[in-house]
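*Asks:* Provided below for reference: sequence and predicted model.
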Amino acid sequence: MSRLSFSILASDGAARRGEIVTRHGTIQTPVFMPVGTLASVKSLTTDQLQQLGPEIILNNTYHLMLRPGVDLLEELGGVHKFMNWDRAVLSDSGGFQVFSLSSIRKVREEGVEFRSHIDGSAHFLSPETSIDIQQRMGVDIAMAFDECPAYGIEHAEVERSMELTHRWARRSLAARTGESALFGIVQGGIHHDLRKRSAEEIGSIDFDGVAIGGVSVGEPKEEMLDVTRFTAPLLPADKPRYLMGVGTPEDLLDGVAAGIDMFDCVMPTRNARNGSLFTSLGKVAIKNARFANDQRPLDPNCTCVTCRTVSRAYLRHLYVTGEIAAMVYNTIHNVSFYLDLMRGIRQSIASNSLQAFRDAFLSRVVSGEVDA
RNA sequence: GGAGAGAUGGCUGAGUGGUUAAAAGCAGCAGACUGUAAAUCUGCCGGUCUAAUGACCUACGGAGGUUCGAACCCUCCUCUCUCCA
């Protein structure tokens, strides 16, 4: 079979309702991909994850390259077998670590030299090595190796970085020899002219999908939305569009409306571990004293295990006492909430009512009736 | 019975004449988190008033004293702990 195929089933304005077929199953889009950096969606067993039902998750090249190492990963049969996950996996190329680990790396034309954040040892990632590692991990979708520039640097510097990303994009594709599908990444910061150039350049390369990278790196929300709205329509219409690292529930609604098909973000999982929970009635900081005696389910409109079986009072107690179960329950809920949201979004596109769905969602959340 | 040590803010615990409303940790209260160096980080944390700066009050076991000034020095009292009988 081909590495990947994408078809659009319906649309609503710029929003698309589609299907991506991978070697590990079919993905309904728009889709949210939970992040499992180290071949684990933090705090969840694969079985628990499976029951939540995401059709695809993320892994990370940089982190897995360090531990357990790609040789071992390959020897153990790839990430799917390693974590006993039979659905799709997309791997980030390590490009984000060029940004997030900027203090311990050095960028050159050839690639990026990292000092391991674990033991200080030197590691090198280039388009060729990144793609090689991703293929050997056996992921369904690999990402081109890119440079993710920080927010706030000058236009000329963003342009230089973007051009490097373009050269690396072609090298990434040339390095792809295996079964993994490969997505290109558009850069260009917050600058329309650069984003346009990048979209044209990356869009002209024979990738299986195209991502918008370099957002959610500290820029104001409006800038991110502006870049997304500007760039999405410039991307090839017949390929999946992936907005990297985004975002909040509201961001997902906006992204879909702009024509994005795929999202990933650490927010639901990280926030869960930090006691910040997304609900249909707004955000809940479960550690707040007001939940100490609150016997209601976290979210009355949610059917996840957490909301079906335990109270806010219990969730608060687990969190405050530092019990591991707090992270499990919280993560189950937040991931479930995100997946439910995407399900609702897909249905609304199919029935041409995305705008109404968005309005209803936001009005419920904004009304702040968590305490009602 | 004898010898010694100690009593500090909700807790543990620094501080031995002024810059001390009093370190630090914990607990408590709140906030942040966007392709994960995150079960992390930040702020507040005696009281009242203030948007804030700030002002006043109360405070280092109790009572008294020395001093311009005391958590810190002296006296007595109360209590706690350790060792020896």
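*Replies:* In hand now; what should we look at?

*Asks:* which residues in the stretch 1-150 of chain A form strands?
*Replies:* A:5-12, A:15-22, A:25-29, A:31-34, A:56-60, A:88-92, A:105-107, A:112-115, A:122-125, A:141-143 (DSSP state E, counting those that start in this stretch).

*Asks:* surely A:Ser336 touches A:Leu298?
*Replies:* No. A:Ser336 is beyond contact range of A:Leu298, at 10.4 Å (criterion: Cβ atoms under 8 Å). Placement of C-beta: from N, CA and C, glycine included.

*Asks:* got any residues that touch both of the two?
*Replies:* A:Thr306 (Cβ atoms under 8 Å, 6 or more residues apart in numbering).

*Asks:* neighbour count winner among these two?
*Replies:* A direct count of neighbours by other Cβ atoms under 10 Å for A:Ser336 and A:Leu298 places A:Leu298 higher, at 28 against 23.

*Asks:* quick one, phi/psi of the more buried one?
*Replies:* Note on A:Leu298: its backbone torsions stand at phi -50, psi -50 [degrees, to the nearest 10].

*Asks:* next up, the contacts around it.
*Replies:* With Cβ under 8 Å, 6+ apart, A:Leu298 has these contacts: A:Leu277, A:Thr279, A:Val284, A:Ile286, A:Thr306, A:Cys307, A:Val310, A:Arg312, A:Leu315, A:His333.

*Asks:* give me that answer again for 10 Å
*Replies:* Neighbouring residues of A:Leu298 by Cβ atoms under 10 Å, 6 or more residues apart in numbering: A:277-279, A:281, A:284, A:286, A:291, A:304, A:306-307, A:310-312, A:314-316, A:329-330, A:333-334, A:337, A:370.

*Asks:* report how many residues lie close to the nearest residue to A:Ser40 once chain neighbours are set aside.
*Replies:* Excluding the flanking residues, the one nearest A:Ser40 by Cβ to Cβ, 6 or more residues apart in numbering is A:Met83, at 6.6 Å. Applying other Cβ under 10 Å, we find 20 residues neighbouring A:Met83.

*Asks:* returning to that earlier point: out of the strands of the stretch 1-150 of chain A, deepest packed?
*Replies:* When those are scored by mean count of other Cβ atoms under 10 Å, the highest mean neighbour count falls to strand A:141-143 (a mean of 30).

*Asks:* any idea of the pLDDT on A:Val365?
*Replies:* Per-residue confidence (pLDDT) for A:Val365: 81.

*Asks:* would it count as being in a helix?
*Replies:* Yes. Under DSSP: H, G, I helix; E, B strand; the rest coil, A:Val365 sits within a helix.

*Asks:* so what's it up against?
*Replies:* Here A:Val365 is in contact with A:Pro249, A:Glu250, A:Phe278, A:Thr279, A:Ser280, A:Leu281, A:Gly282, A:Lys283 (Cβ under 10 Å, 6+ apart).
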